[in-house]
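A.B. asks: sharing a model that was predicted from the sequence below.
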Amino acid sequence: MVETALVFDPTAPGGNEPQQFRRRLDSLTGKVVGFIDNAKPNFNYLADDLAELLVGKYGVKTIIKRRKRGASIPADVSVVQELSAQCDLVITGSGD
């Protein structure tokens, strides 16, 4: 069953439409997790620590990391498409 949630895109002008999402993951074992580094200081350290924890404790199979050109710039469409196609879960974040 597909669930619907309202997600607000801070880069989108005008209204937001409900978007369909996959169901939540029952387990992280064997999954592929992606990180989008927003280029703020220290996020790379957080992502490295989380990646180690996800692999070591939760059985994540693969970690894929990509970095944005800048914190105020949206991720390239090619990066979003790549991670959408390859990952079961993508984490974006902030540092400082």
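C.D. replies: Arrived safely.
A.B. asks: list the contacts for Q86?
C.D. replies: Shown in contact with Q86 (CB atoms under 8 Å, 6 or more residues apart in numbering): 32, 34, 64. Quick note: C-beta positions are derived from backbone N, CA and C, even for glycine.
A.B. asks: and what of K68?
C.D. replies: Residues in contact with K68 (CB under 8 Å, 6+ apart) are 36-39, 74-76, 79.
A.B. asks: dump those residues into JSON lines; add distance to G56 and pLDDT as well.
C.D. replies: Below are the contacts of K68 laid out as JSON lines (distance: CB to CB, whole Å; pLDDT from 0 to 100):
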{"residue": "I36", "distance to G56": "22", "pLDDT": "93"}
{"residue": "D37", "distance to G56": "20", "pLDDT": "92"}
{"residue": "N38", "distance to G56": "25", "pLDDT": "89"}
{"residue": "A39", "distance to G56": "26", "pLDDT": "88"}
{"residue": "P74", "distance to G56": "32", "pLDDT": "87"}
{"residue": "A75", "distance to G56": "27", "pLDDT": "89"}
{"residue": "D76", "distance to G56": "30", "pLDDT": "90"}
{"residue": "V79", "distance to G56": "26", "pLDDT": "93"}
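A.B. asks: low-confidence stretches in this structure?
C.D. replies: Scanning the chain for pLDDT under 70 picks out the ranges 1-23, 95-96.
A.B. asks: quick one, strands of it?
C.D. replies: 3-5, 19-21, 32-37, 62-67, 89-93 (DSSP state E).
A.B. asks: how far off centre is the last one?
C.D. replies: This points to strand 89-93. Strand 89-93 has its C-alpha centroid displaced from the chain centroid by 2 Å (CA atoms, centre = their mean, to the nearest Å).
A.B. asks: that strand vs strand 62-67, what angle?
C.D. replies: Orientation check (axes from the mean of the first three to the mean of the last three CA atoms, to 10 degrees): strand 89-93 against strand 62-67 gives 40 degrees.
A.B. asks: grab the longest helix from this protein for me.
C.D. replies: Scanning the chain for the helix with the most residues, using DSSP state H, yields helix 43-58.
A.B. asks: which of the strands of the chain sits most buried?
C.D. replies: strand 32-37 (a mean of 21; mean count of other CB atoms under 10 Å).
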